[in-house]
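Engineer: Task: produce atomic coordinates for the following.
(one chain, ligands or ions: 1)
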Amino acid sequence: MKKYLILLFTVLTSLHVSAQSDGSQLWLGKQYANSCQVISQLPDDATAKIAKQELENNWRGKNVELKIDKALNLGEGYNIYARPAQQGDNIQYEATITASNPIGLLYGAYELIRLQNTDAYNTGSGKQQNFSKTIDETEKPQVGLRILNHWDNLDGSIERGYAGKSIFKWEEIKLGKNGKGGSISKSLHDRLITYARANASLGINGSVLNNVNASPKMMTAEYINKVKIIANILRPYGIRVYLSINFASPMALGYTKTADPLDKKVQQWWKKKAKEIYATIPDFGGFLVKANSEGQPGPGDYHRTHADGANMLADAVKPYGGIIMWRSFVYGANHKGEDRVKQAVSEFKGMDGKFRDNVILQSKNGPLDFQPREPYAPIFDNIKQTPQIAELQITQEYLGQSKHLTYLAPMWKEFFGFVNPDRLVGISGVANIGDDANWCGHPFSQANWYAFGRLAWNPSLTAEEIAHEWLVQTYENQDERFTKPVEMMMMTSREACVNYMMPLGLHHIFKFDHHYGPEPDGFIASYPLEWCPVYYHKADAQGVGFDRSSKGTDAVGQYPEPYRNLYDNIETCPEEYLLWFHHVPWTYKMKSGSTLWQELCMKYNMGVAMVEVYRDFWHTSAKQFMKGHEQEWQHTDSLLNVQLENAKEWRNTCLKYFQTFSKMKIYE
Ligand code: GCU
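Structural biologist: Numbers count the residues shown, from 1 in each chain. Sure thing, here's the model as predicted:
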């Protein structure tokens, strides 16, 4: 008897464990038994098969038809027509997805499933149900290139990665004789399939597999052959692979004596390399290049321009349809000593029009470096003839890493308010993905991967809509007592982070190198001086802030009107950018009527107070709505305590430090 009881107990506990989500399925949710019929007369196509399979597993409507109509000219888009059909007492849906090609069908399939799983948002019913009206929706992506940039090193470490090691486990890919054939471990294969599904469900169509600070080894036959195996897995999901390259690869690998882009042997080497890559991976996307930036090699080492370097590579990949994504994140090289936020424009403006047509300039959203808040980067205005990609950072290098709940969609929407996505050919995101069970470290960091993909597909979606979609799909609960407060928490979390870290336009007062905690007085001491000024905050007895007005470094001069004047004038400069553009007296009257010093204290206190509210709500009220997700509730619960402690540390350290200049009382 006792034996049976123990057995029963073991079975029950194991059932309980397997029913518990660890976040590994992301927003893809659980699968349902096949209840719908998928009608399709599609050719034997791997992508169309996946579309069919996803619908069979996840769509709870009656039947769905998949149709290809090339004349529709939808690119990667689709049309969904879905109507309610009575079946006894039940209303069930019948749907048709039409697209110009299989990938459009796959994107349409994911959208149909998303509509089903997020329906309560539209009906306000508060419970899961089939949506209740006819849907006729045509969607096309806004930009052609929607790419994740992994900053993953070949040894498995990840630059600015906070969710474990790289998911690209090169050692688990074994090549056959002479580098041909090969096999991949089952766990890596399965992980890559979930990765591919998650990306395809958002419309992400490219993946740069390695760090922009690239190892030359990436260009060896061994790695190219391994990349092929990954590319084969991602291809049916519409994801192309790209690689970051080290500009000096031919020299570093011992083939040439120089990496000078005008050297014939160097040019030949890259041409041969491109040929080899495309023979191995016919739909290879192209190269991402960080050159003459933060110590990386580049054409500047040979007194050549960025255009010389980019064009040499562009010529090599051109015959195969490849592109070069050349980063504008350069400073401390040709324009040493100039205000760092101006250097990208100074470097690249004169080169506009000199690039081959398959070169794309890739620039970060802000002119400095992924700070919690920056004004938009004026390079997007100054470059007119060269196609551009906006680079966003999904990994929270400067926004609490994987310890803080910081939802980034509001920050990216702010950027798109200044830079119209119509001007871009692509949107890239520095990935926050690692081999942690839940992929992104903090359970809520998954929302940033999700939001990146959704916004890259359609930048006009609102941050609220996206937060809602993610939340109800991930935690499978549409109760408004849960969704409303959690969405509120997500929506305000970035502003909270700005407030407790560096409000009112302050920037880069992070601890050296790891960029986690505050160090308003220490950053520069250990940094190469030509990389940045002595203290970005410029605090002194008179005031605080970096004078970038026309009387200062004139960074405002790189902006078009109306921004130039707006930012130049201390009275009209939006207060969220005030200390970015101006050195402001401690006693300056803010719009609220308070002095700058009082306002600074108030913002820091507000940041802390907001995190306190999140922590209390989560601890007391969220758990009851997270049945089956208790492990994730627990994880977030403990991280919110860490976040609160960190927020206090930020406030206390920064206010105490600035007080040494202002000599005023700290308000609590
Ligand atoms: C930041 C980051 C680096 C990264 C660099 C880049 O400076 O801290 O780790 O290499 O950006 O974008 O190239």
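
Engineer: May I see the domains of this protein written out as residue ranges?
Structural biologist: 37-116+133-139, 145-462, 501-546+583-662 (the TED database).

Engineer: what's the most buried one of those?
Structural biologist: Scoring the domains of the chain by mean neighbour count under mean count of other C-beta atoms under 10 Å gives domain 145-462 as the most buried, with a mean of 20. The C-beta positions use only the backbone N, C-alpha and C, and glycine is treated the same way.

Engineer: That one near the ligand at all?
Structural biologist: Yes. Residues of domain 145-462 contacting the ligand under C-beta under 6 Å from any ligand atom: 159-160, 212-213, 290, 294, 329, 369, 397.

Engineer: Please name whichever of the residues you listed scores lowest on pLDDT.
Structural biologist: Among the residues of domain 145-462 next to the ligand, E294 has the lowest pLDDT, at 92.

Engineer: any idea how far P216 is from that one?
Structural biologist: 17 Å (C-beta to C-beta, to the nearest Å).

Engineer: Tell me where the stretch 501-650 of the chain has helices.
Structural biologist: For the stretch 501-650 of the chain, the helices defined by DSSP state H, counting those that start in this stretch occupy 563-568, 578-581, 596-617, 630-662.

Engineer: now what about the first one, what contacts it?
Structural biologist: Contact partners of helix 563-568, identified using C-beta atoms under 8 Å, 6 or more residues apart in numbering, comprise 375, 418, 548-550, 556-557, 559, 572-574, 577, 581.

Engineer: Which members of those residues are the farthest-apart pair?
Structural biologist: Within the contacts of helix 563-568, two members stand farthest from each other by C-beta to C-beta: F418 and S550, at 20.0 Å.

Engineer: Which single residue in the stretch 451-600 of the chain comes nearest to the ligand?
Structural biologist: H515 (6.4 Å; C-beta to the nearest ligand atom).

Engineer: one step back: which of the helices of the stretch 501-650 of the chain sits closest to W170?
Structural biologist: Among the helices of the stretch 501-650 of the chain, helix 630-662 comes nearest to W170, with 29.0 Å by C-beta to C-beta.

Engineer: any idea how far the closest one is from the chain center?
Structural biologist: 24 Å (C-alpha atoms, centre = their mean, to the nearest Å).

Engineer: just stretch 223-243 next, same as before
Structural biologist: That offset, for stretch 223-243, works out to 20 Å (C-alpha atoms, centre = their mean).

Engineer: So for that stretch, mean pLDDT?
Structural biologist: 98.

Engineer: Now do the contacts for the closest residue to the ligand within the stretch 351-500 of the chain.
Structural biologist: Proximity of the stretch 351-500 of the chain to the ligand (C-beta to the nearest ligand atom) peaks at D369, 5.1 Å away. With contact taken as C-beta under 8 Å, 6+ apart, D369 is in contact with 329, 398, 508.

Engineer: In contact with the first one, which residues?
Structural biologist: For F329, the residues meeting the contact criterion (C-beta under 8 Å, 6+ apart) are 290, 293, 344, 363-364, 369, 391.

Engineer: which SS state does it fall under?
Structural biologist: coil (DSSP: H, G, I helix; E, B strand; the rest coil).

Engineer: Show the low-confidence segments of the chain, by residue range.
Structural biologist: The chain contains residues with pLDDT under 70 at 1-19, 30, 32-35, 86-91, 119-132, 523-534.

Engineer: The same query, at a cut-off of 50, please.
Structural biologist: By pLDDT under 50, the weakly predicted segments of the chain are 8-18, 120-129.

Engineer: Now do V556 against D339, distance only.
Structural biologist: Per C-beta to C-beta, V556 is found 11 Å from D339.

Engineer: Now list whatever residues contact both of those two.
Structural biologist: With C-beta under 8 Å, 6+ apart as the test, V556 and D339 both reach R548.

Engineer: Need the contacts of F329 in JSON lines (columns: secondary structure).
Structural biologist: Formatted as JSON lines, the entries for the contacts of F329 read as follows, by three-state DSSP:
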{"residue": "K290", "secondary structure": "coil"}
{"residue": "S293", "secondary structure": "coil"}
{"residue": "A344", "secondary structure": "helix"}
{"residue": "S363", "secondary structure": "strand"}
{"residue": "K364", "secondary structure": "strand"}
{"residue": "D369", "secondary structure": "coil"}
{"residue": "E391", "secondary structure": "strand"}
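
Engineer: L148: which of those is nearest?
Structural biologist: Among these, E391 lies closest to L148 (C-beta to C-beta), at 11.1 Å.

Engineer: from what I can see the closest one touches L148, true?
Structural biologist: No. Between E391 and L148 there is no contact under C-beta atoms under 8 Å: 11.1 Å.

Engineer: what touches both of these two?
Structural biologist: The contact sets of E391 and L148 overlap at 428-429 (C-beta under 8 Å, 6+ apart).

Engineer: re the thing from before, of all the contacts of F329, which comes closest to E65?
Structural biologist: Closest approach between the contacts of F329 and E65, by C-beta to C-beta: E391, at 39.3 Å.

Engineer: quick one: that closest one and L145, what's the gap?
Structural biologist: 11 Å.

Engineer: okay, and the common contacts of these two?
Structural biologist: Counting by C-beta under 8 Å, 6+ apart, the residues touching both E391 and L145 are S428.

Engineer: so who does the nearest residue to Y376 once chain neighbours are set aside touch?
Structural biologist: Take Y376 and drop its neighbours on the chain: the residue closest to it by C-beta to C-beta, 6 or more residues apart in numbering is F418, 3.9 Å away. F418 is in contact with 375-376, 380, 563, counting by C-beta under 8 Å, 6+ apart.

Engineer: same check, this time on R114
Structural biologist: Applying C-beta under 8 Å, 6+ apart to R114 gives the contacts 201, 469, 473.
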